[in-house]
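Chemist: Sequence below, structure please.
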Amino acid sequence: MDIRIDDLSGVEIQTLLTEHLEDMHAASPAECVHALDLTGLKMPTITFWTVWEGNQLLGCGALKILNDSHGEIKSMRTTSAARNKGVASTLLRHILDSAKQKGSIKLA
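Modeler: Have a look, this model is predicted:
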């Protein structure tokens, strides 16, 4: 699995994020949906990663820095074809390691 910082310009990631937002709105009341759209995920306080195997997108996730000591995981999603293959746990460890490298970030 190759985890890389993504600029959100690819069709594959845009499609996955659209699916993610649609599922969030279908399963939760609007006031409980805290997922960000493409514009929100491009904020400078957010680092966004995608997970690939060759040229196949497997999943995505982001870290939003809230302040000097707190961060929040955003928009974690695994493609349906990659579910139950360890993508989410691998990406989560990567995001947690990145938060630790940024200092004493605690995730909210």
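Chemist: what mean pLDDT does the helix of greatest length in the chain have?
Modeler: Under DSSP state H, the helix in the chain containing the largest number of residues is helix 11-27. The pLDDT scores in helix 11-27 average 90.
Chemist: elements contacting that helix?
Modeler: Contact here means 3 or more Cβ pairs under 8 Å, 6 or more residues apart in numbering; DSSP states H and E; on that basis helix 11-27 packs against helix 38-41, strand 56-67, strand 70-78. Backbone N, C-alpha and C define where each C-beta goes, glycine included.
Chemist: Chain neighbours aside, what residue packs nearest to K85?
Modeler: Excluding its sequence neighbours, the residue lying closest to K85 (Cβ to Cβ, 6 or more residues apart in numbering) is L58, at 7.5 Å.
Chemist: now that neighbour: how far from L36?
Modeler: As judged by Cβ to Cβ, to the nearest Å, L58 and L36 stand 20 Å apart.
Chemist: Between the two, tell me which one has more neighbours.
Modeler: In this view L58 and L36 are compared by other Cβ atoms under 10 Å, and L58 has more residues nearby, 25 against 19.
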